[in-house]
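> Sharing a sequence plus its predicted fold:
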Amino acid sequence: MRYNPALDGLRAVAVALVVPAHCRVPGYLTGGYVGVELFFVLSGYLITTILLDERAATGRISLRHFYWRRALRLYPALLLMLAAYLLLAPMLWPEGEHGRDALLVGLYLSDYSYTFWKMPEYLGHTWSLAAEEHFYLLWPLVLTLLLRRRSSLVKPLGLLLLAAWLWQMHVRNVGTVGFRFDTRMVGMMAGCWLAVVLRSGWRPDPKIPAIVGLALLAWLVMTPSRSYFPLAESAGVLLIIGATAIPFLETPWLTYIGKLSYGIYLWHFPIAKALNPLPMGWLLTLMAVTAMSVALAALSHHTIEAFARRYRGNGARATSAVAT
């Protein structure tokens, strides 16, 4: 797919919503959940578009190539963060089971382990990475099967999106949605559905979705509640449609932060966990966490991740905008 810098800008917005929530900015908890949902919608949209582009160009979807690119995209930065965590965590939190927690994260099991057992405690943010990884593992298989049976995917994906939402509502009614993949895949499916709708030839004027999406996003961030997941996902869909009509999303510094957003997301949570107990106040904590996370993400991006990008083939540029 053609690189769209506005989507990197949107990733920067998403991570900017998440970091303050973990720095205990007063009244800002909702922003973190909205940011994660925005990441999920972006993931579904971009991955589906890339897979459909590959099929259009080659006549097939190479699962081996897809999984290899995903591993090279995700694992180098993750393993670097885990290595630093295993080095420093025993000194910061001597009571923790850090080897176990790093293993859960490395195997992408933390969405279920955090939901049911609240572990890993100091890497709790990785639940969203695990949920996305389950999506990456399953979705190419499901999409390949659907493409063999149907020429148009708009209705089948609409039904899958509806089923995902109904399951989430059912789980919410009988207990708690938690952080696991099966209850948090609505945003990803919304992005998948949007990808096939736009591919079907629908080309709306981006200005109205941009205005409505920004207004909805602002309202959600200011609303002290976690119960608006369908609205957060709707905001993500609208903002992807209207991204090209939002000029500030394409500013170079914002798109650069978007390219670093995966690394920022990886590093910010354990740093915030280490700094939150200190008597710094939330503003200094936010500034320190942001500065350290951006610096470490940039270091990772220009070293170990840059080395891995050399082996990702011609799809590296296209997949660089995939949300995490």
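All right, it came through fine.

> Please name the residues that touch residue 271.
288-289, 292-293 (Cβ atoms under 8 Å, 6 or more residues apart in numbering). For every residue, glycine as well, the C-beta is placed using N, CA and C.

> Let me fix that, I meant to ask about residue 9.
Residues in contact with residue 9 (Cβ under 8 Å, 6+ apart) are 243, 246, 248-251, 254-255, 258.

> Out of those residues, who's the most crowded?
residue 258 (27 neighbours; other Cβ atoms under 10 Å).

> doesn't residue 6 make contact with that residue?
No: counting by Cβ atoms under 8 Å, residue 258 does not reach residue 6; the two are 9.2 Å apart.

> returning to that earlier point: now the contacts of residue 9 as a markdown table including pLDDT, secondary structure and distance to residue 136?
Conversion of the contacts of residue 9 to a markdown table gives the following (pLDDT from 0 to 100; DSSP: H, G, I helix; E, B strand; the rest coil; distance: Cβ to Cβ, whole Å):
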| residue | pLDDT | secondary structure | distance to residue 136 |
| --- | --- | --- | --- |
| 243 | 96 | helix | 22 |
| 246 | 97 | coil | 27 |
| 248 | 96 | helix | 30 |
| 249 | 97 | helix | 25 |
| 250 | 96 | helix | 27 |
| 251 | 97 | coil | 29 |
| 254 | 97 | helix | 26 |
| 255 | 97 | helix | 23 |
| 258 | 98 | helix | 19 |
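
> low-scoring pLDDT stretches of the stretch 151-300 of the chain, where are they?
Across the stretch 151-300 of the chain, the ranges flagged by pLDDT under 70 are 224-229.

> Burial check on residue 289, number of neighbours?
25.

> Sorry, wrong one. I was asking about residue 302.
11.

> confidence score at it?
pLDDT recorded at residue 302 is 97.

> now do residue 81
Reported pLDDT for residue 81: 98.

> Now it: closest residue in space, sequence neighbours ignored.
residue 266 (4.6 Å; Cβ to Cβ, 6 or more residues apart in numbering).

> Sticking with that neighbour, tell me its helix or strand.
helix 252-275 (DSSP states H and E).

> Quick check: residue 21 vs residue 236, distance?
Computed as Cβ to Cβ, to the nearest Å, the residue 21 to residue 236 distance reads 17 Å.

> who has more neighbours, these two?
Of the pair residue 21 and residue 236, residue 236 is the one with more neighbours under other Cβ under 10 Å, namely 30 against 20.

> For residue 278, give me phi and psi.
phi -80, psi 150 (degrees, to the nearest 10).

> and it, how many neighbours?
The burial count for residue 278: 10, using other Cβ under 10 Å.

> Now do the contacts for it.
Per Cβ under 8 Å, 6+ apart, neighbours of residue 278: residue 285.

> Check residue 298 too.
By Cβ under 8 Å, 6+ apart, the contact set of residue 298 is 260, 263.

> at 10 Å instead, please
Neighbouring residues of residue 298 by Cβ atoms under 10 Å, 6 or more residues apart in numbering: 256-257, 259-260, 263-264.

> Would you reformat the residues you listed as TSV and include distance to residue 31 and neighbour count?
TSV is the format used below for the contacts of residue 298 (distance: Cβ to Cβ, whole Å; neighbours: other Cβ atoms under 10 Å):
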residue	distance to residue 31	neighbour count
256	22	17
257	16	21
259	21	18
260	19	27
263	20	25
264	15	28
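
> Looking at the residues you listed, spot the one nearest residue 128.
Checking those against residue 128 by Cβ to Cβ gives residue 264 as the nearest, at 13.2 Å.

> How much space separates the closest one from residue 127?
With Cβ to Cβ as the criterion, residue 264 and residue 127 are 17 Å apart.
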